[in-house]
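S.K.: The following comprises the amino acid sequence and a computationally predicted model.
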Amino acid sequence: MTEAANVDVWRQGAARRSSSIDDGLLIEQCRQGDSAAIERLVLRYQNRIYNVVLKICADPDDAAELTQETFVKIIENLSRFEGRSSFYTWAFRIAVNLTLNYCQRNAKLVVRSLDSEEEPYNHQATHALKELLSDDRSPDPAAMAQNKEVYEIALKALMKLDDAQRAVLVLRDIEGMSYARIAEVLGIELGTVRSRLSRARTKLRDILEAILS
Amino acid sequence: MRKNSDKNAYNAGTRLDELLSSFIDGELTADKQAEVEGLIAGDAKIAQRLRQLQTCQMLVASLPRAEAPARVLEGVRTSLAEKSTSDEWGTQKRHPRIRRVLAAAAMIGLAAVLVAVVHTIAPPAPTEQPFAVEGGRPSEATERPGGGFSVAAPHAFSGRLELKASDLVAVSASVNRAIEDINLSQAISPARRQDRRVYSLSCSREDLKSLLADLEHVWPELDSARLSVNTEVFGEQIVVDAVTTEQITQIVDQNDLGRRTEIAKDFAALNDMAALLPGRAIASAIEGQSKNLMHPLRVPKPALAEREDPTGRSPSQPEDKETVHLTIVVSW
C-alpha cells in the first residue's frame, strides 16, 4: 500500500507538520550515532506514542515500558527503515504491534482485573453521561471528557472492546490518523479499517449504555 | 423467511453505520457524501443515529492526553547503553583468544589499577581542607594548589541497578519493605511484570543511601548486581558489575559528575579484575579487607567552605539538583 493519500486530522496541525519536515534529517543524524539527535527523536514522539499505547493497554506503567521498548526498537532498526512509509507511520506500527502483542499475552489478566474493579461510579458523572447518550442536545462531550470520572468510565468502556477494535478507534479518534494511514500502521485493508471502526463505535456505545444502565 | 429479513435488516444497519461513521470522519467520496447528506435530511432516525455515533466519537477524541513520564527517556538511554555493552561482551565471547590476551593484560594491570583506586579514593596528601562546591558548568573540577578540590556544579546521580535473584518474590518483598521503611513509597513508581519488578525512584541522596543501607542484607541472596551509571553523554554509561551497596553509596555520594564517573570506572575495573582472577582470590581479599580498605580511605564528603552557598543558587531556588534517580530492576 502506498503512503496515505489523505491528510490526517492533526490535533496540532501546523506544529506537527513542521516537526515532521525535520524527521529525515533527524533520522540521518540518529543513524550516524548522534546521541543528541536520538534524544530529540524520543522527545519529539514520546508523548504521542505513550498516549496511544496507554489508551490501548490502560496501564500507565506498562504504557511507559512499552513506549520505551518502542523507541529502543526504533533506534536499533533505523538502518532498516527505507522510507517507503513515513517515519511517523513506521514508528506507530512498531508501537501498536508491541502493544497488541503485549495485550494478547496479558488478555486474561486484564479481563480479570477489570471485572474485579467494578465499582459504583460517581452519580453526577453517570447522570451526565446518560444525558449525553440519550439527548441530542446534551452536554458537550469534549467538556465532559475532562471530568475524571467520565474519563474513567470511557476508558473502561474502551478496554471492553476487543484489542483490534480498540486500536483502530484510538488511532482514529485519539491520534487523528486517516483511514489510509491506519491501514498502513495495522497492515490491513482500507475497507477493513472502515468496517472495524464503525463496529467499534457502535459497540462502544452499547458498552457505555450497559455500564450506565 | 423471518430470519432472512432480520439478517437483511441487520446488514443494512451495519452498512448504514459504516457509511455514517465514514461520513463523520470525512472519509467518503464526494458522491457518497452527498448521498449520506440526503439520507440524513430525509430520515429523522438516520439523523439521530448519526448524532449518536458523533457523540461517541467526540467523547473518545476529547479524552485527556497523557504525557510520557520522564523515565521513558531515561529507560531508552539505559537500554541502549546496556545493549551496546552486551554487544561488546558478545564480541569477546566469540574471540576466546582475544579474551585470554585481555585477561592477561588485565592481570598485569591489576596492581596499577589497585594503586590508582586507592589513590583516587584517598589521595596521599592529607585532605583536611574541605571540598568547596561552587557554581559553574559541569566537569569543571579543578585541583586547588593547597590540596582539595573545587567541585563544579553537581549533576544529580542517575542510573539503573539490576538485581538478579532466583527468589524474585523474596527479594522484591525486601525491596518493598525497605521502600516503605524509609517512607519512599511516594517517590517510587513500581511496574510489575511476571518475570521482573521495576522501581523508578526519584528521591534525595540521603534517602537513597538509607535505602541502600536497608538493602544490604539482600545482597547475599542475589545472583548478580549490576549498576549502570549515566554519564553526560546520552546512551553512554559506566557499568559496574558485582557492585556492592558500599560502592553504590560512594558513587552516589559524589557531587561532581566527572569524579563520579571516575570512581564508577575504578569500581568497574576493580570488580572486573577480581572476577577474572582464578579462584577469585583477589576478589575475596578485596571483599574480606573491604572494611579496612575502604573505611579509613573513605572519600571525604563535600563540605561547605564558610559563607559559601553550596549550589551557587539563591535560597529561594529549588534544590532540584539534590534529587537522584535510580531505576531498580529485580529479575530472575
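M.R.: Yep, it's here. All values reported here derive from a predicted model rather than from experimental measurement.

S.K.: so where's chain A uncertain?
M.R.: For chain A, applying pLDDT under 70 flags the ranges A:1-21, A:107-122, A:135-146.

S.K.: most centrally placed residue in it?
M.R.: Chain A has A:Val52 as the residue nearest its centroid, 2.8 Å off, counting by Cα atoms, centre = their mean.

S.K.: Does that one touch A:Val96 like I think?
M.R.: Yes: counting by Cβ atoms under 8 Å, A:Val96 is a contact partner of A:Val52 at 7.3 Å. For glycine as for every other residue, the C-beta is placed from the backbone atoms N, C-alpha and C.

S.K.: so what's in contact with those two at the same time?
M.R.: Residues touching both A:Val52 and A:Val96 (Cβ atoms under 8 Å, 6 or more residues apart in numbering or on different chains): A:Leu171.

S.K.: coming back round to it: mind checking which helix or strand the residue nearest to the centre of chain A is in?
M.R.: Assigned by DSSP states H and E, A:Val52 belongs to helix A:35-57.

S.K.: and the gap between the residue located most distally from the centre of chain A and A:Phe71?
M.R.: Distance from the centre of chain A peaks at A:Gln32, with 30.2 Å (Cα atoms, centre = their mean). Distance, A:Gln32 to A:Phe71, by Cβ to Cβ, to the nearest Å: 17 Å.

S.K.: counting contacts, what elements does the helix or strand harbouring B:Ser210 pack onto?
M.R.: Assigned by DSSP H and E, B:Ser210 belongs to helix B:205-215. The contact analysis (3 or more Cβ pairs under 8 Å, 6 or more residues apart in numbering or on different chains; DSSP states H and E) places helix B:205-215 against helix B:168-181, strand B:196-204, helix B:245-252, strand B:323-331.

S.K.: mind listing the helices for chain A?
M.R.: Remark: helices assigned in chain A by DSSP state H are A:13-21, A:23-31, A:35-57, A:60-76, A:87-105, A:107-116, A:123-134, A:141-144, A:148-159, A:163-169, A:179-186, A:190-212.

S.K.: Just the CA coordinates for the fifth one, please, in CSV.
M.R.: Output in CSV follows, covering the C-alpha atoms of helix A:87-105 (Å, rounded to 0.1, in the frame of the first residue of the first chain):
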residue,chain,number,x,y,z
PHE,A,87,8.8,7.7,9.8
TYR,A,88,5.7,8.5,11.8
THR,A,89,3.7,5.6,10.3
TRP,A,90,6.7,3.2,10.8
ALA,A,91,7.1,4.3,14.4
PHE,A,92,3.5,3.9,15.2
ARG,A,93,3.4,0.5,13.5
ILE,A,94,6.1,-0.7,15.9
ALA,A,95,4.4,0.8,18.9
VAL,A,96,1.0,-0.6,18.1
ASN,A,97,2.4,-4.1,17.3
LEU,A,98,4.3,-4.2,20.5
THR,A,99,1.2,-3.1,22.5
LEU,A,100,-1.2,-5.5,20.8
ASN,A,101,1.2,-8.4,21.3
TYR,A,102,1.5,-7.4,24.9
CYS,A,103,-2.3,-7.2,25.3
GLN,A,104,-2.6,-10.6,23.8
ARG,A,105,-0.2,-12.1,26.3
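
S.K.: didn't A:Gln46 look like it was pressed against B:Val72?
M.R.: Yes: taking Cβ under 8 Å as the definition, A:Gln46 is a contact partner of B:Val72 at 5.3 Å.

S.K.: so what's in contact with the two at the same time?
M.R.: The overlap between the contact sets of A:Gln46 and B:Val72 (Cβ under 8 Å, 6+ apart) consists of A:67, A:71.

S.K.: ok, the two, which is more surrounded?
M.R.: The residue with more neighbours, out of A:Gln46 and B:Val72, is B:Val72; 25 against 22, by other Cβ atoms under 10 Å in any protein chain shown.

S.K.: who are the neighbours in contact with the more buried one?
M.R.: A:42, A:46, A:50, A:64, A:67-68, A:71.

S.K.: a markdown table for those residues, including distance to A:Ala125?
M.R.: Shown next, in a markdown table, are the contacts of B:Val72 (distance: Cβ to Cβ, whole Å):
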| residue | distance to A:Ala125 |
| --- | --- |
| A:Val42 | 35 |
| A:Gln46 | 30 |
| A:Tyr50 | 25 |
| A:Ala64 | 27 |
| A:Thr67 | 29 |
| A:Gln68 | 33 |
| A:Phe71 | 35 |
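
S.K.: Among the residues you listed, which ones lie close to chain B?
M.R.: When Cβ under 8 Å from any Cβ of the partner chain is applied, the members of the contacts of B:Val72 adjacent to chain B are A:42, A:46, A:50, A:64, A:67-68, A:71.

S.K.: ok, B:Ala41 - contacts?
M.R.: Going by Cβ under 8 Å, 6+ apart, B:Ala41 touches B:Ala47.

S.K.: what's the next secondary structure element after the helix or strand it falls within?
M.R.: Element membership of B:Ala41, judged by DSSP H and E, is helix B:30-42. Downstream of helix B:30-42, the first helix or strand assigned by DSSP H and E is helix B:44-61.

S.K.: how about the helices in chain B?
M.R.: B:2-24, B:30-42, B:44-61, B:71-94, B:96-121, B:168-181, B:205-215, B:245-252, B:257-276, B:281-294.

S.K.: Let me know the average pLDDT across the fourth one.
M.R.: If I follow you right, that is helix B:71-94. Taken as a whole, helix B:71-94 has a mean pLDDT of 70.

S.K.: so where's the stretch 1-150 of chain B shaky on pLDDT?
M.R.: B:1-12, B:83-107, B:109-150.

S.K.: where does it come near chain A, residue by residue?
M.R.: B:14, B:17-18, B:20-22, B:25-27, B:48, B:51-53, B:55-69, B:71-73, B:75-77, B:79-80, B:83.

S.K.: could you flag which of the residues you listed are buried?
M.R.: Buried members of the residues of the stretch 1-150 of chain B next to chain A, counted by 16 or more other Cβ atoms under 10 Å in any protein chain shown: B:17-18, B:20-22, B:25, B:27, B:51-53, B:55-63, B:66, B:68-69, B:71-73, B:75-77, B:79-80.

S.K.: ok, back up a step: what would the helices and strands packed on helix B:205-215 look like in a markdown table with mean neighbour count?
M.R.: Converted to a markdown table, the helices and strands packed on helix B:205-215 look like this (neighbours: other Cβ atoms under 10 Å in any protein chain shown):
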| stretch | mean neighbour count |
| --- | --- |
| helix B:168-181 | 17 |
| strand B:196-204 | 20 |
| helix B:245-252 | 20 |
| strand B:323-331 | 20 |
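
S.K.: Nearest to chain A, out of the ones you listed?
M.R.: strand B:196-204 (7.3 Å; Cβ to the nearest Cβ).

S.K.: so what does that closest one touch, helix or strand wise?
M.R.: helix B:168-181, strand B:188-193, helix B:205-215, strand B:323-331.

S.K.: again, only this time at 7 Å
M.R.: Counting contacts by 3 or more Cβ pairs under 7 Å, 6 or more residues apart in numbering or on different chains; DSSP states H and E, strand B:196-204 packs against strand B:188-193, strand B:323-331.

S.K.: average pLDDT across the shortest one?
M.R.: Read that as strand B:188-193. Here strand B:188-193 scores 59 as its mean pLDDT.
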